[in-house]
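Asks: how does the following fold in three dimensions:
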Amino acid sequence: DEGIIHHKYFNPMPIKVIALVLTTIECCIDKWLQGLKEDIKSTSATYGTVYHGHFGLLQRFNEWTASYKLLDKICVNLHNMARCVEQCSFSK
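Replies: A predicted model of the protein is given here:
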């Protein structure tokens, strides 16, 4: 196995992907919010505003820290760590 074929589209990790991961985490938390797992659908109708909220906050964070290029560094680091995990898991 050669691993992920289209990794170039995720180098650096797109902000939209980070917003989607944050939205997915929030959905998972919501499923267990009452202490029992509830069947909550993760659709654009139910979590679209959550996604756009995360995306907007990431964009604002990028603007606020632009002089440090902090979000750019985070995106590169996320890509590199994902590639490291992917390579390590396939080497076994």
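
Asks: middle-most residue in this structure, spatially?
Replies: I18 (2.5 Å; C-alpha atoms, centre = their mean).

Asks: for it, give me its contacts.
Replies: Taking C-beta atoms under 8 Å, 6 or more residues apart in numbering, we find I18 in contact with H54, L58, I74, C75, L78. To be clear about C-beta, it is placed using only N, CA and C from the backbone, and glycine gets the same treatment.

Asks: could you point out which element follows the one helix or strand it maps to?
Replies: Here I18 is covered by helix 15-31, with elements defined by DSSP states H and E. Downstream of helix 15-31, the first helix or strand assigned by DSSP H and E is helix 44-64.

Asks: packing partners of the next helix or strand after that next one?
Replies: For helix 44-64, the following helix or strand on the C-terminal side (DSSP H and E) is helix 70-90. Where contact means 3 or more C-beta pairs under 8 Å, 6 or more residues apart in numbering; DSSP states H and E, helix 70-90 is packed against helix 15-31, helix 44-64.

Asks: what would these look like in JSON lines with mean pLDDT and distance to I5?
Replies: Formatted as JSON lines, those follow (pLDDT from 0 to 100; distance: least, C-beta to C-beta, whole Å):
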{"stretch": "helix 15-31", "mean pLDDT": "97", "distance to I5": "17"}
{"stretch": "helix 44-64", "mean pLDDT": "97", "distance to I5": "26"}
